[in-house]
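Visitor: Quick one: sequence plus predicted model below, questions after.
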Amino acid sequence: MFGNCGNMIFLITISQVMIEVSSFGITGVIDSFSSVNDSKLYSKKRCLDTGSYSHFPLTSGLPIERKKIIPIAVTSLSALILSVKPTLGMLEYDSKRKTIVITGCNSGIGFNAALRMANRGHKIIMACRTLKKAEEAAQRISVESDVTIIPAECDLTSLNSIQAFSDKIQNEEIDVLCLNAGISRNVKSKDVLRTKEGYELTVGTNHFGHFYLTQKLLPKINSKDGRIVVTASGVHDPDSPGGAQGKTATLGDLSGLENGPYFEMIDGGSFDADKAYKDSKLCNVFFTREMQRRLDGINSNMKVNCFSPGLIVGTGLFRDQNQVFTKIFDVAATNILRVGETTEWGGGALEYMALDKEVGLKGGLYYNSRPGSSKFGDDAYGKQFEVYDVSNEAKDNNKAKRLWQLSEKLTGITFL
């Protein structure tokens, strides 16, 4: 509608909006706890298109008065929102019915993955922050009558809630555990929020909560060919485009954890919301590699892998901002810049990690893809979406071991 000139104006608008809503002006951080009301078709059923979390670097554009942004942006959005996204196919996976636990699946890629795998006939245990969220998400999944969906509360900010969840499903044999839930606070946040046990909220949820949950569920996971899938992020790597923005991920000497549960940052520094998220994703990669090493040490056939779903922009960090601008950024990243991925594609990536036979053969690996790979649809899995190298720090096996030991100490558990 606007041609190249219109696109240029639109991109300048996006840069200016992001500068206005973030003191950093260069990093967007989107979490997975919110959804937008844009519904789409998938596998002949309807589901909600929901957000996920990731980072994306932005550069400053020309200064534009805010009152002039709105008419340009809204008009551009109207034209762009009609863009056609790739059709997602149904890949062929093992037809054996599995029991799959997914955390953080009431929205975002977790919900889409739950929908996909339920449609294949697998039994899904939906572990969400509240029972209400889990029940509402389960109701939105319309599947065949012989498929079981179990909604359950599992608040990762409370070890007692995690224990209660484990007790509730104590008779289940789990084939796949998807550690997908995560939070990312507004990068401008200065206050240190904490979990029930006192851990800093971001690391406490994204790392300690999942660490404790895994220990509780490990005896229930199929020892023959069970697998654990961890939703990580490319921002764990300071050399990645998103990871290079702002303060970069590093656990330093782990002095924050050495001093007990009331740390602000793992490396002992002062609280930084953006870095806390990046650090938590680095913890996810460390956890994946160290747990696989320990499983190999006891000759277990279980496999643990992690992946990055890429930049998936929805509501989340900017939910307190003007939602028109959040939606504009979503459209720009996915349809104009072609560096964003769709929620459906991110859900498919999680499904691929959980069900693909080749993925289940090796553990301790990190999967990722080039930005904009969702344009290939499900054909990207195993091609553009493949094994990637982890950051230099994530290769430090001694640090991985020490993080594991401190995680055991702070959560009061020992396993493997």
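Guide: That came through fine.
Visitor: Using PDB, list the CA coordinates for the helix or strand harbouring residue 152.
Guide: Assigned by DSSP states H and E, residue 152 belongs to strand 149-153. What follows is strand 149-153 as a C-alpha-only set of coordinates in PDB (Å, rounded to 0.1, in the frame of the first residue of the first chain):
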ATOM      1  CA  ILE A 149      -6.000 -33.300  29.300                       C
ATOM      2  CA  ILE A 150      -5.100 -32.800  33.000                       C
ATOM      3  CA  PRO A 151      -5.000 -29.200  34.200                       C
ATOM      4  CA  ALA A 152      -3.000 -28.600  37.300                       C
ATOM      5  CA  GLU A 153      -1.500 -25.800  39.400                       C
END
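Visitor: what are the ranges of the helices in the stretch 51-200 of the chain?
Guide: Listed in chain order, the helices found in the stretch 51-200 of the chain under DSSP state H, counting those that start in this stretch are 66-80, 108-119, 131-140, 159-168.
Visitor: and residue 370, how many neighbours?
Guide: Other residues within reach of residue 370, judged by other Cβ atoms under 10 Å, total 13. Bear in mind the C-beta positions are built from the backbone N, C-alpha and C, glycine included.
Visitor: now residue 156
Guide: Neighbour count of residue 156, defined by other Cβ under 10 Å: 28.
Visitor: show me what contacts the nearest residue to it once chain neighbours are set aside?
Guide: By the measure of Cβ to Cβ, 6 or more residues apart in numbering, the closest residue to residue 156 outside its immediate chain neighbours is residue 209, 2.9 Å from it. Residue 209 sits next to 156, 157, 159, 162, 181, 195 when contact means Cβ atoms under 8 Å, 6 or more residues apart in numbering.
Visitor: so who does the second one touch?
Guide: Listed by Cβ under 8 Å, 6+ apart, the contact partners of residue 157 are 195, 196, 201, 204, 205, 209.
Visitor: could you give the mean pLDDT of stretch 274-285?
Guide: Per-residue pLDDT over stretch 274-285 has a mean of 98.
Visitor: Just the C-alpha atoms of stretch 272-290, please, in CSV.
Guide: Coordinates of each C-alpha in stretch 272-290 appear next as CSV, following Å, rounded to 0.1, in the frame of the first residue of the first chain:
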residue,chain,number,x,y,z
ASP,A,272,19.4,-5.6,36.7
ALA,A,273,16.1,-7.0,35.3
ASP,A,274,17.3,-7.5,31.7
LYS,A,275,20.5,-9.3,32.8
ALA,A,276,18.6,-11.4,35.3
TYR,A,277,16.6,-12.8,32.4
LYS,A,278,19.7,-13.4,30.3
ASP,A,279,21.4,-15.1,33.2
SER,A,280,18.4,-17.3,33.8
LYS,A,281,18.6,-18.5,30.2
LEU,A,282,22.3,-19.2,30.6
CYS,A,283,21.3,-21.3,33.7
ASN,A,284,18.9,-23.2,31.5
VAL,A,285,21.7,-24.1,29.1
PHE,A,286,24.1,-25.1,32.0
PHE,A,287,21.3,-27.2,33.5
THR,A,288,20.7,-29.0,30.2
ARG,A,289,24.4,-29.9,29.7
GLU,A,290,25.1,-30.8,33.3
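Visitor: SS state for the residue nearest to residue 156?
Guide: helix (DSSP: H, G, I helix; E, B strand; the rest coil).
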